[in-house]
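1. What shape does this take:
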Amino acid sequence: MQRQTTIASAATVSDVGLHTGERVRMVLRPAPAGSGVVFVRRDVRDRDNVIRAHVDGVTHTRLGTVIANESGVSVATVEHLMSALAGLGVDNLVVELDGPETPILDGSADAFVSLISQAGLRRLPALRAFLQVLEPVEVRDGDKWARLEPCDHFELDVTIDFASAAIGAQRLEMTVDPVSFVEDIGRARTFGFAHEIASLQTAGLARGGSLDNAILIDGDAVVNEDGLRFPDEFVRHKALDAIGDLALVGAPLRARYVAYQPGHALNIALGRALLAQAGAFAWSVAGEPEPELAAAAGL
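-> Numbering: from 1, shown residues only. The predicted structure is shown next:
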């Protein structure tokens, strides 16, 4: 049976937020068993500044996942950090920020993976609980859909199809564990389209975006001089986002995630649908040992 984890020591990183464009300092700190992932806005002092990382607190999903507490204090673009935590098996963490958005870094989860690896993992006395999916749960939005199916570990099967020849149709099917996350998902960067930049920035979004933290597509071409990290980097990033969004259900999933053209809104709706459907899941503390996987991932 697996035990819960936290990081062994504090770790700090600073960078701009993708949408605000403002520089933010983030400190990851160890947390006790059973506390989950909690964000603390250190720049907010006049009201409750603690935000629990959970689907119940999601307030916005346009080009990123935003969570907030009942006092209206929020943190934006949490999905890349949450994906790294879920991918590496970090159950409990305090995330301190001095601004309203997590740092974007290179637009993937890779820098978060490195930060967590440098801090190290510490196993805690309490057993890890899983959400075991017992029957299919599905949500749809037009021709887009996402589904969770019963599985004894976590698998994903993601398909995207864009008109741009730079992306086209791509599919990724794999089992997710610390090794596969680091090697196959964590380095995949977020992406955007040149013709949307002006309208997004007018709406207060993507103000911190650059070729250093995103793949930019202009028509049928990738603008970035260094090209892609994977031939199918786009669907891999969609998988990265899905892992981070689904981590907001509050526990590791034992399920198969299958989706067509998923996005943050669909992922959050799926997580909420699962928790709302009585009999669709059960809590379990059973699980295969993972020390070898963690060691192979450099943790």
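
2. So which residues of the stretch 151-299 of the chain form helices?
-> Remark: helices assigned in the stretch 151-299 of the chain by DSSP state H, counting those that start in this stretch are 178-180, 197-202, 233-246, 264-276, 291-296.

3. average pLDDT across the third one?
-> Averaged across helix 233-246, pLDDT comes to 98.

4. cool, the first one as well?
-> The predicted model gives helix 178-180 an average pLDDT of 97.

5. for the last one, same thing?
-> Helix 291-296 carries an average pLDDT of 50.

6. returning to that earlier point: will you turn the helices of the stretch 151-299 of the chain into CSV that also has mean neighbour count?
-> For glycine as for every other residue, the C-beta is placed from the backbone atoms N, C-alpha and C. Formatted as CSV, those follow (neighbours: other CB atoms under 10 Å):
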stretch, mean neighbour count
helix 178-180, 18
helix 197-202, 12
helix 233-246, 26
helix 264-276, 20
helix 291-296, 14
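
7. Can you say which of these is nearest to Gly120?
-> helix 291-296 (10.3 Å; CB to CB).

8. got a markdown table for the helices of the stretch 151-299 of the chain, with distance to Arg140 too?
-> Putting those into a markdown table (distance: least, CB to CB, whole Å) gives the following:
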| stretch | distance to Arg140 |
| --- | --- |
| helix 178-180 | 28 |
| helix 197-202 | 26 |
| helix 233-246 | 16 |
| helix 264-276 | 8 |
| helix 291-296 | 34 |
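
9. Indicate which one of those helices is closest to Pro125.
-> Closest among the helices of the stretch 151-299 of the chain, using CB to CB: helix 291-296, at 16.1 Å.

10. thinking again about what came up before, who wins for proximity to Ala111 among the helices of the stretch 151-299 of the chain?
-> Between Ala111 and these, the tightest spacing by CB to CB is seen for helix 233-246, at 12.8 Å.

11. helices or strands next to the closest one in the packing?
-> When contacts are defined as 3 or more CB pairs under 8 Å, 6 or more residues apart in numbering; DSSP states H and E, helix 233-246 packs onto helix 79-88, strand 154-161, strand 169-175, strand 191-193, strand 253-260, helix 264-276.

12. and with 10 Å instead?
-> On a contact count with 3 or more CB pairs under 10 Å, 6 or more residues apart in numbering; DSSP states H and E, helix 233-246 meets helix 79-88, strand 144-150, strand 154-161, strand 169-175, strand 191-193, strand 215-218, strand 253-260, helix 264-276.
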